[in-house]
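K.L.:
Give me a 3D structure for the following:
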Amino acid sequence: RVPGLRREELAQLAGVSAGYYTRLEQGRSPNASDAVLTAIARVLRLDGEERDHLFALARPMIVANKNPAQPERLRPQALSMLSALGDVPALIVGRSADILAWNPMAHALLAGHLDFDAPDDPSRRPNSARLVFLDEHTRELYADWWDKARDTVADLRRTAALYPDDRHLAELVGELTMNSEEFAALWSAHLVRPCGFYTRRMRHPLVGSFTLSNETLNLPGDDGQRLALFHAAPGSPDESALKLLADLVADT
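P.N.:
Residues are numbered from 1 along each chain as shown. You can find the predicted model right below:
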């Protein structure tokens, strides 16, 4: 990120000793002050999201997952919300990118080749990151697959800092690193940012090409679970394609 900048030079520019900075890198200084972390972020030229990631890495015990070995569960109210959304494609994703639930429209949009009830079984749950890198249907679905891949990795790295003790998340990163050269290369680039919203061009096998916007919302009190919604611009051909997909779903 800063060519030619050695650890000792970085420490000097941040106003700390090289020894202290080394301990901070190794996770042995959990009480680093805001001033120190802000100075390091300034020297490394981090943007706002990368700065938040640095703070999460420096203070993992504050946000560490308390029950990393337990399968994630959904509140009944969250499932009811999905049903109430009707023809709006919607799904709930867990902290490690597992798809915990989806409505019929999201299933038809993203993964009609998978069993609709797969998210109900923790041993069979689809994982959105695994689909992006290891599933041919998903690779074909996104016309801008590389953008989708970069965003997926950047969001996964941000989550890994928030939940450093999540064994399932660590196993997922290891699996993808071993089985996807693209993932390994993107992971090593240390991209970090949340995927709160974006627009994607899709090539759906049933209704053809169209562009959808996606909004991802944090569910309050659900430890990293997020609701993802897809929608098209009103009155556009993209909206017509989405309505066609809804008609196909209703006929099945």
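K.L.:
I'd like to know how many residues surround Pro164.
P.N.:
17 (other CB atoms under 10 Å). Backbone N, C-alpha and C define where each C-beta goes, glycine included.
K.L.:
Correction: the previous question concerned Arg158.
P.N.:
19.
K.L.:
nearest residue to it other than its sequence neighbours?
P.N.:
Val192 (5.0 Å; CB to CB, 6 or more residues apart in numbering).
K.L.:
right, and that neighbour touches Arg157 too?
P.N.:
Yes. The pair Val192 / Arg157 is scored as a contact, 4.8 Å apart, by CB atoms under 8 Å.
K.L.:
Compare the two and say which is more crowded by neighbours.
P.N.:
Val192 (24 against 18).
K.L.:
counting residues per helix, which one in this structure is longest?
P.N.:
For the chain, the longest helix by residue count, based on DSSP state H, is helix 145-162.
K.L.:
ok, the residue nearest to Ala143 when sequence neighbours are not counted - contacts?
P.N.:
Closest residue to Ala143 apart from its sequence neighbours, by CB to CB, 6+ apart: Arg201 at 4.0 Å. Residues in contact with Arg201, defined by CB atoms under 8 Å, 6 or more residues apart in numbering, are Tyr142, Ala143, Asp144, Ser209, Phe210, Thr211.
K.L.:
Now, of these, which are buried?
P.N.:
For those, a burial check counting by 16 or more other CB atoms under 10 Å picks out Tyr142, Phe210, Thr211.
K.L.:
Out of those, which comes closest to Leu219?
P.N.:
Tyr142 (24.7 Å; CB to CB).
K.L.:
Let me know how buried the nearest residue to that closest one once chain neighbours are set aside is, in neighbour terms.
P.N.:
Computed as CB to CB, 6+ apart, the closest residue to Tyr142 that is not its neighbour in sequence is Lys148, at 4.5 Å. Other residues lying near Lys148 total 22 when counted by other CB under 10 Å.
K.L.:
wait, Lys148 sits on Ala129?
P.N.:
No. Using CB under 8 Å, Lys148 makes no contact with Ala129, being 10.5 Å away.
K.L.:
got any residues that touch both of the two?
P.N.:
Contacts common to Lys148 and Ala129, judged by CB under 8 Å, 6+ apart, are absent.
K.L.:
Same list (the buried ones among the contacts of Arg201) but as TSV, adding secondary structure.
P.N.:
Below are the buried ones among the contacts of Arg201 laid out as TSV (DSSP: H, G, I helix; E, B strand; the rest coil):
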residue	secondary structure
Tyr142	strand
Phe210	strand
Thr211	strand
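K.L.:
Low-confidence regions, the stretch 101-250 of the chain specifically.
P.N.:
Residues of the stretch 101-250 of the chain meeting the criterion pLDDT under 70: 222.
K.L.:
now the strands: where do they sit in it?
P.N.:
Per DSSP state E, counting those that start in this stretch, the stretch 101-250 of the chain carries strands over the ranges 197-204, 208-218, 226-231.
K.L.:
before we move on, the earlier item: between the buried ones among the contacts of Arg201, which is closest to Ser83?
P.N.:
Among those, and counting by CB to CB, the member closest to Ser83 is Phe210, at 24.4 Å.
K.L.:
mind listing what that closest one touches?
P.N.:
Counting by CB under 8 Å, 6+ apart, Phe210 has contacts Arg201, Met202, His204, Ala232, Pro237, Asp238, Ala241, Leu242.
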